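Asks: let me see the structure of the following:
(2 chains)
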Amino acid sequence: MKKMTFLLLIASLILLSACSSNSEKVATTTDSGKKEITVWAWDPNFNIAALKLAKDRYVAKHPDVTVNIVEYAQNDIVQKMNAGLNSGSTKGLPNVVLIEDYRAQNFLQAYPDSFHDMSSTIKASDFADYKIGPTSYNGKQYGVPFDSGVMGLYVRTDYLEQAGYKVADLTNIDWDKFIEIGKAVKQKTGKEMLTQDPNDLGLIRGMIQAAGSWYLKEDGKTPNLAGNPALKEALLTYKSLFDANIVKMNADWSQFLAAFNSGAVASVPTGNWITPSIKAEASQSGKWAVVPFPKLKNIPESVNASSLGGSSWYVLNSDGQDTAADFLKETFGTDPELYQDMLSKIGIVGSLNAASSGKAYDVEDPYFGGDKVYKKFAEWTKQVPKVNYGLHTYAIEDIMTVEIQNYLNGKDVDAVLKDAQGQAEAQLK
Amino acid sequence: MKTAAPKITTTRLKAGMTGWLFISIAVIMIAAFYFYPMIQALILSFKTGTGSNLSFNGIDNYKRLFTDKMFITAVKNTFIYLIFQVPLMVILALFISVLLNDKNLKFKGFFRTAIFLPCITSLVAYSVVFKYLFSSDGLVNSLLLNLHVIGTPIQWITDPFWAKVTIIIAITWRWTGYNMIFYLSGLQNIDNSIYEAARIDGASPIRQFFSITVPLLKPIILFTSITSTIGTLQLFDEIMNITKGGPGNATSSISQYIYNLSFKYSSDFGYAATVSYSIVIMIIILSIIQFKVAGEKK
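Replies: Numbering: from 1, shown residues only, chains lettered A, B, ... in the order given. The predicted structure follows:
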């Protein structure tokens, strides 16, 4: 019986220590020769659709490789990646994962050694300059830049005409002009100019990046809120939009989509990834046009181009990483033909410089009144100012959402920025 | 005598061993999957850093709690839910259960099922449905508009005040039936002769309710209010799915803040564990208070 107790004790100890063992870190360099890779991404109309095209092209050349594409919501990917990487085991994680640029530095710095160095696999200079900041760390290139996130102003030409404006009147404008036109549209058609979710400050992010500024300083860690002229101007502009009474409120993504698919708003200033969703409403074909993203009036550095929620591909340090790296290299990393395909079939503008011209870019899209919209997007991609998103975009945004509510309710703008700065400094040590 | 004593010890020991053998698997499992993570989380709450780059920083995380505006807002919000929702739900559940316990009521089974059904629906599914019911052009607004109760649509989800109201309505809808079941089973254990005696003495139904039903259900009322308090302190799904904590931080809860710290911001797992332990401490304190108020000795 004593033996029995002893055995039990040992067994329980083993069980417990097995749970606490942290030594399961996966070997980092060897490729076991496994020819099956798994890729995680979100958005079936955009990223997943692009992946399928890439997979078909790659597998045609490498029949020995199997590529599994798994679709998850972006939040789920972030959760699963954090949980997996934290446990020190890459089991259950994919070989290739799509990460939003705002979050990239967070992953690269929080889990060093977990991502495969792609510096020698792809050439960073082949991609849009502003995409390199988020995707590299310590001088090494980790991500393969993909979705440019380049912003445009999608406008309803029919509503504008009713209000007495042409597309040219909205081209390369600043936000003050946008508000002026918005008021006229509201008066003539009764439609709001744009829709906004008070919890999502994407528009402000777009505005400040267009002015070459961000919530954080160059180091990616120090909050840059109080005394940031671009951010202040963005807030003033944001409030003017609400004061002009041209904003339709929405509470989530589906209401956002419904706002323009149902014809309730006259414009959508957002990333080019919205194109498939805009075109999803076939009855509005020919009624849309795309013009450059408006700039901030009183900020001289501000340009008519910005980026919102772009994303890039990353390879995890685990079995099959060489196959995964090769997959990215041959597809999104170097293949201009693939980009032509993605553009003509799905309407995706990537950030590979070599792929910013070609036949597909000259195609006139009847949905946008026969305009060569993709050529426009590709040109704007080259103009997007480079900023360092750093580690804390979403943490600061949560502080800002509260302060912006206060601001919209009458608090002084300088006090708003000062308080936000104080909070951010206290929180982001 | 000398030989008998050790014999008993051996038998006892054997019996003890067999007992341990039976529960050993459960003990090991509980130790591995409950106590081990709890202790790990406690250790984690003294660490700081992002992702897997963690280092000990003493009680700094606990100090940070008191200066963290977002945490304080989340605690305030959670307590607002607690103060309004728990009494509301307990009283409502008690009221409904007394109605449904009426012997002369027809279709009792149907009503009981109908009121219990919400708490077996998926949390996410019902949250999403609520979000649509309460959206600015949703069913609730159009109903109120058509009945001329309101002139302009209420911004249920995008207004700080109404968003809290929406959350309270949602959780009350979901959990009232759950508490009702406890009261119903409690009511059925009260001997009917007590009520008969009361009626003979001329006690009105209201008097019967306050002088017989409530005192006899006290242990159950205590139980439901403690479980509801714990549930409210851990509130997550509704907030996450209906308002995402917004507008601003107007509806954020402590659990949602833990989620944000871990996954939305820069993976600050150490501080997130600290916030989790703050919930543990609050639950312990509130439970003690409730026991004291209810006058339970145990």
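Asks: lowest mean pLDDT among the helices and strands of chain B, which one is it?
Replies: helix B:4-30 (a mean of 80; mean pLDDT, DSSP states H and E).
Asks: which other helices and strands contact it?
Replies: For helix B:4-30, the elements it packs on are helix A:2-20, judged by 3 or more Cβ pairs under 8 Å, 6 or more residues apart in numbering or on different chains; DSSP states H and E. In this view, the C-beta of every residue, glycine as well, is placed from N, C-alpha and C.
Asks: was I right to think A:Trp273 contacts A:Asp43?
Replies: Yes. Using Cβ atoms under 8 Å, A:Trp273 makes contact with A:Asp43 at a distance of 7.2 Å.
Asks: and those two? which has more neighbours close in?
Replies: Taking other Cβ atoms under 10 Å in any protein chain shown, A:Trp273 and A:Asp43 do not tie; A:Trp273 has more neighbours (23 against 18).
Asks: so who does that one touch?
Replies: With contact set as Cβ atoms under 8 Å, 6 or more residues apart in numbering or on different chains, A:Trp273 has these partners: A:43, A:46, A:147, A:149, A:309, A:348.
Asks: ok, the residues you listed vs chain B, which is closest?
Replies: Using Cβ to the nearest Cβ, A:Gly309 is the member of these that lies nearest chain B, at 14.3 Å.
Asks: what's the separation between that closest one and A:Trp288?
Replies: According to Cβ to Cβ, to the nearest Å, A:Gly309 and A:Trp288 sit 20 Å apart.
Asks: who has more neighbours, those two?
Replies: With neighbours defined as other Cβ under 10 Å, A:Gly309 and A:Trp288 compare such that A:Trp288 has more, 24 against 18.
Asks: residue numbers of the stretch 1-150 of chain B in contact with chain A?
Replies: Residues of the stretch 1-150 of chain B found near chain A (Cβ under 8 Å from any Cβ of the partner chain) are B:13-14, B:17, B:20-21, B:24, B:27-28, B:31-32, B:36, B:40, B:48, B:50-53, B:67-70, B:73, B:131, B:135-136.
Asks: for chain B, which segments count as strands?
Replies: Secondary structure of chain B (DSSP state E): strands at B:47-48, B:55-56.
Asks: make JSON lines out of these and add mean pLDDT.
Replies: Formatted as JSON lines, the strands of chain B follow (pLDDT from 0 to 100):
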{"stretch": "strand B:47-48", "mean pLDDT": "87"}
{"stretch": "strand B:55-56", "mean pLDDT": "86"}
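Asks: which stretches of chain B have low pLDDT?
Replies: B:1-8, B:295-298 (pLDDT under 70).
Asks: nearest residue to the middle of it?
Replies: What sits nearest the mean C-alpha location of chain B, by Cα atoms, centre = their mean, is B:Gly231, with 1.5 Å.
Asks: ok, now which ones touch that one?
Replies: B:Trp175.
Asks: how much space separates it from B:Ser255?
Replies: From B:Gly231 to B:Ser255 the distance is 11 Å (Cβ to Cβ).
Asks: what's around the closest residue to B:Leu187 other than its chain neighbours, how many residues?
Replies: Spatial nearest neighbour of B:Leu187, chain neighbours left out: B:Asn101 (4.6 Å); criterion: Cβ to Cβ, 6 or more residues apart in numbering or on different chains. Using other Cβ under 10 Å, B:Asn101 is surrounded by 17 other residues.
Asks: next: B:Lys76.
Replies: 12.
Asks: for chain B, give me its nearest residue in chain A.
Replies: A:Ala110 (2.4 Å).
Asks: how about the contacts made by that residue?
Replies: A:85, B:50-53, B:266-267.
Asks: most neighbours among the residues you listed, please name it.
Replies: B:Ser267 (27 neighbours).
Asks: that one against A:Gln105, yeah?
Replies: No. B:Ser267 is beyond contact range of A:Gln105, at 11.5 Å (criterion: Cβ under 8 Å).
Asks: thinking again about what came up before, dump the strands of chain B into JSON lines; add mean neighbour count and distance to A:Phe242 as well.
Replies: Converted to JSON lines, those look like this (neighbours: other Cβ atoms under 10 Å in any protein chain shown; distance: least, Cβ to Cβ, whole Å):
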{"stretch": "strand B:47-48", "mean neighbour count": "20", "distance to A:Phe242": "38"}
{"stretch": "strand B:55-56", "mean neighbour count": "10", "distance to A:Phe242": "44"}
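Asks: using CSV, please lay out the ones you listed together with distance to A:Glu397.
Replies: What follows is the strands of chain B, written out as CSV (distance: least, Cβ to Cβ, whole Å):
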stretch, distance to A:Glu397
strand B:47-48, 22
strand B:55-56, 27
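Asks: among those, which is nearest B:Ser97?
Replies: strand B:47-48 (46.9 Å; Cβ to Cβ).
Asks: elements contacting the closest one?
Replies: Counting contacts by 3+ Cβ pairs under 8 Å, 6+ apart, strand B:47-48 is packed against strand B:55-56, helix B:60-67, helix B:269-294.
Asks: partner strands of it and their direction?
Replies: Partners of strand B:47-48 in the sheet, by DSSP bridges, are strand B:55-56 (antiparallel).
Asks: outside of the strand it pairs with, which residues touch it?
Replies: Residues contacting strand B:55-56 (Cβ under 8 Å, 6+ apart): B:46-49.
Asks: hmm, back to that, list the contacts of the residue nearest to B:Leu187.
Replies: B:Asn101 touches B:184, B:187-188, counting by Cβ under 8 Å, 6+ apart.
Asks: picking that back up, got a quick ChimeraX command for the buried subset of the residues of the stretch 1-150 of chain B next to chain A?
Replies: The following ChimeraX line selects those of these that are buried, judged by 16 or more other Cβ atoms under 10 Å in any protein chain shown:
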select /B:17,24,28,32,48,50,51,52,68,70,73,131,135,136
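Asks: who in the stretch 301-429 of chain A is up against chain B?
Replies: Counting by Cβ under 8 Å from any Cβ, the stretch 301-429 of chain A sits next to chain B at A:391-392, A:394-395, A:398-399, A:401-402, A:404-406, A:423, A:426-429.
Asks: looking at the residues you listed, which are in helices?
Replies: A:394-395, A:398-399, A:401-402, A:404-406, A:423, A:426-427 (DSSP state H).
Asks: selection in ChimeraX covering whichever of the contacts of B:Asn101 are buried, please.
Replies: A single ChimeraX command is used to select the members of the contacts of B:Asn101 judged buried by 16+ other Cβ under 10 Å:
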select /B:184,187
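Asks: where does the stretch 1-150 of chain B get nearest to chain A, which residue?
Replies: For the stretch 1-150 of chain B, Cβ to the nearest Cβ, closest residue to chain A: B:Gly51, 2.4 Å.
Asks: and A:Asp362, which of the strands of chain B is closest to it?
Replies: Closest among those, once you apply Cβ to Cβ, is strand B:47-48, at 54.0 Å.
Asks: which of the residues in stretch B:96-107 are buried?
Replies: Applying 16+ other Cβ under 10 Å to stretch B:96-107 flags B:96-98, B:100-101 as buried.
Asks: for the spatially closest residue to B:Ile221 that is not a sequence neighbour, what are its contacts?
Replies: Closest residue to B:Ile221 apart from its sequence neighbours, by Cβ to Cβ, 6+ apart: B:Val90 at 6.5 Å. Shown in contact with B:Val90 (Cβ under 8 Å, 6+ apart): B:179, B:221, B:224-225, B:228.
Asks: repeat that for A:Val96.
Replies: A:Val96 sits next to A:37-40, A:313-316, A:324, A:327-328 when contact means Cβ under 8 Å, 6+ apart.
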